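Chemist: for reference, the sequence and a predicted model appear below.
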Amino acid sequence: MTALLTVSGLTVAFGSFTALDGVDLAVEERELRFLIGPNGAGKTTLIDVVTGRTRPTSGTVRFAGADTTGLAEHRAVRAGIGRTFQTAAVFDALTVADNVDLAASFRLAPHRLLRRRDRAHVPEALERVGMAGLAERKAGGLSHGQRQWLEIAMLLAQRPRLLLLDEPVAGMSAAERERTGELLEEIARDTTVLVVEHDMEFLRRHARTVTVLHEGRVLTEGTLEEVRADERVAEVYLGR
Ligand code: ADP
């Protein structure tokens, strides 16, 4: 099987500081992969490079068979790469439905945008995240969990092949975490998902493969049991 996303020898230097140092990572189609590591390990920087926000100093990114190293952010979206942020990037003054519609338009080239009249993708995306009943609410009035789900619906409307989620259950209640877990499992049936998440209970329930990043390098990779049994992982987290 060929990987949907392949990162090879990825290095990112900010001045004299090396945030990523020769990272190799391969994610297969329809994987639900977790990325963990202590603060400053380089997780966000890795997502930033894959989504075209940060240009690597060296190394390559291949996505869906093409070299996407240094791709502009809007081109990454059009190529089928979507991401969420720790603080949901939604427009408070717009309705839930309009947020989704707007996000979907980001994926379209301008000439297609002018001709687009079909809003069928809006209820479809809201249905998937369980928010069909909130379509006409202003996003500013949503709960924290609902904002995170709206952001995921906005990405789903862009029909991504790869979704990168940055701490999707941070600040959520137990019930919201449960619902988010079901949602990720459902999304991973037809979309590749890479999740940065620390919540151990969430990892226990949903992680199949875990990649551990530390000081800009891949420390180890495997099932949750395998990486938890690795002494180096314990040392990194205990700061010894
Ligand atoms: P993580 O997401 O694992 O916490 P980050 O990728 O955010 O780690 O950061 C990795 C390291 O790179 C941190 O030490 C951070 O301070 C540094 N870093 C991130 N972005 C920049 C930047 N734009 N300029 C300088 N240093 C940065």
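Modeler: Structure's in. What do you need? Computed from a prediction, not measured in an experiment: that's the story for all the values here.
Chemist: can you list the domain ranges for the protein.
Modeler: Annotated domains of the chain cover 1-80+161-240, 88-159 [automatic domain parsing].
Chemist: and Thr87, how many neighbours?
Modeler: Applying other CB atoms under 10 Å, we find 14 residues neighbouring Thr87. (C-beta placed from N, C-alpha, C; glycine too.)
Chemist: quick one: which helix or strand includes it?
Modeler: Thr87 is part of no helix or strand, with elements assigned from DSSP states H and E.
Chemist: what distance separates stretch 212-223 from the centre of its chain?
Modeler: Centroid separation for stretch 212-223 versus its chain: 18 Å, with CA atoms, centre = their mean, to the nearest Å.
Chemist: ends of that stretch, what's the gap?
Modeler: One end of stretch 212-223 to the other measures 11 Å (CA to CA, to the nearest Å).
Chemist: pLDDT on it, on average?
Modeler: Here the mean pLDDT over stretch 212-223 is 96, rounded to a whole number.
Chemist: for the most centrally placed residue in the chain, name its beta-bridge partners.
Modeler: For the chain, the residue whose C-alpha lies nearest the mean C-alpha position (CA atoms, centre = their mean) is Leu164; its distance is 1.3 Å. Under the criterion DSSP bridges, Leu164 forms beta bridges with Arg83, Leu194.
Chemist: if we can go back for a sec, in TSV: the domains of the chain, plus distance to the ligand.
Modeler: As requested, the domains of the chain are arranged in TSV below (distance: least, CB to the nearest ligand atom, whole Å):
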stretch	distance to the ligand
domain 1-80+161-240	3
domain 88-159	17
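Chemist: per-stretch mean pLDDT over these, give me the minimum one.
Modeler: The stretch with the lowest mean pLDDT among the domains of the chain is domain 88-159, at a mean of 87.
Chemist: check the offset of it from the chain's centre.
Modeler: Per CA atoms, centre = their mean, the displacement of domain 88-159 from the mean C-alpha position of its chain is 17 Å.
Chemist: cool, stretch 17-24 as well?
Modeler: What separates the centre of stretch 17-24 from the centre of its chain is 19 Å, taken as CA atoms, centre = their mean.
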